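K.L.:
just need the structure, nothing else, for what follows:
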Amino acid sequence: MIKKLILYILIAVGLSSQLSAKSPTWTTLKYLGEYKSKDFNLKETLLYLEVRQYEAREDGTLRDKPYRVPFSFYRKKLSSFDNKTINKFKKVKPNLKLDSDISINYFESSGKGCYYKYGAFMIDMAGKIWRMNTVEDIINHLGEIDTPAELQVVLKLHNKNQGDSYRKVPKGYEVINTRRDLICNKDGLMSYKTFKLLIDKKGKIIKETYIKTVHTKNPCVMCVPPLDCTD
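P.N.:
Model prediction:
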């Protein structure tokens, strides 16, 4: 009887270990801005890359206003380049062809006159400046997605805001992602939806599964800063 009990315990422990091995623990993701350059494992050809946000009119033309840089990643800071390269880099205009699919703010303004265009710009090892206008272009310079910082960049570029936590799985990563619902609820209040995403090591979202919705008591805001989108 005692031998059977010991056998059952050993089997239970073995099964528990197997389940733990198959289900790695979830790790909390930091905000993208909290990661440092050392948290990225970038391709050697890349020295500096930044994503820019431009204010635009309803017809898509850019307003004569300074762009802002929502995020960048690099092996060499922009300020470390010589002044000639910096000035030339800052003056480069975005590629606004119709195939552009960069839209990093999951809740863009829907207020009158508040529109945005995005572009990405890179300096390579040879000092050459490149313009990019697609998510695929940018992700390609990350190489294989193998750090939490790179995972947050992928989420941002896919317009998913940022992830809450992640864990490694055979096909890449599972990520818990909570973001504001774009549609106000019937009472005019904000809601947040949580999803589980499957992202492969090439930065592609393979699957997105809805988990839950949390309703708040906060009123919906239909426009986000900058609110002053006039010439």
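K.L.:
what are the phi and psi values for the most centrally placed residue in the chain?
P.N.:
Compute the mean C-alpha point of the chain, and by Cα atoms, centre = their mean the closest residue is Lys156, 1.9 Å away. For Lys156, the backbone dihedrals are phi -60, psi -40 (criterion: degrees, to the nearest 10).
K.L.:
my read: it touches Leu32, true?
P.N.:
Yes. Lys156 is in contact with Leu32 according to Cβ atoms under 8 Å; the separation is 6.1 Å. Yep, even glycine has a C-beta here, placed from its N, CA and C like the rest.
K.L.:
contacting residues for Leu32?
P.N.:
With contact set as Cβ atoms under 8 Å, 6 or more residues apart in numbering, Leu32 has these partners: 71, 149, 152-153, 156, 162.
K.L.:
out of these, which sit inside strands?
P.N.:
Judged by DSSP state E, these include Phe71 as members of strands.
K.L.:
which stretches in the protein count as strands?
P.N.:
If DSSP E is used as the criterion, the strands of the chain fall at 27-28, 46-56, 68-74, 115-124, 129-132, 165-169, 172-180, 189-199, 205-219.
K.L.:
in TSV, list those along with mean neighbour count and mean pLDDT.
P.N.:
Formatted as TSV, the strands of the chain follow (neighbours: other Cβ atoms under 10 Å; pLDDT from 0 to 100):
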stretch	mean neighbour count	mean pLDDT
strand 27-28	10	97
strand 46-56	21	94
strand 68-74	15	94
strand 115-124	21	93
strand 129-132	16	96
strand 165-169	16	97
strand 172-180	20	94
strand 189-199	17	93
strand 205-219	11	92
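K.L.:
got a markdown table for these, with distance to Asn140 too?
P.N.:
Shown next, in a markdown table, are the strands of the chain (distance: least, Cβ to Cβ, whole Å):
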| stretch | distance to Asn140 |
| --- | --- |
| strand 27-28 | 25 |
| strand 46-56 | 10 |
| strand 68-74 | 13 |
| strand 115-124 | 11 |
| strand 129-132 | 9 |
| strand 165-169 | 21 |
| strand 172-180 | 16 |
| strand 189-199 | 15 |
| strand 205-219 | 16 |
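K.L.:
Ile138: which of the ones you listed is closest?
P.N.:
strand 115-124 (5.0 Å; Cβ to Cβ).
K.L.:
list residues touching both of Lys156 and Leu32?
P.N.:
By Cβ under 8 Å, 6+ apart, Lys156 and Leu32 have these common neighbours: 71, 162.
K.L.:
re the thing from before, apart from its chain neighbours, what residue comes closest to the residue nearest to the centre of the chain?
P.N.:
Once flanking residues are discounted, Lys156 sits nearest to Ile104: 5.1 Å by Cβ to Cβ, 6 or more residues apart in numbering.
K.L.:
and the one you found, how many residues sit next to it?
P.N.:
The local packing of Ile104 (other Cβ atoms under 10 Å) involves 23 other residues.
K.L.:
quick one: residues contacting the residue nearest to the centre of the chain.
P.N.:
Each residue near Lys156 by Cβ under 8 Å, 6+ apart is listed here: 32, 70-71, 104, 162.
K.L.:
how close does the closest residue to Leu155 other than its chain neighbours sit to Gly188?
P.N.:
Distance criterion Cβ to Cβ, 6+ apart; nearest residue to Leu155, sequence neighbours excluded, is Gly163 at 5.2 Å. According to Cβ to Cβ, to the nearest Å, Gly163 and Gly188 sit 28 Å apart.
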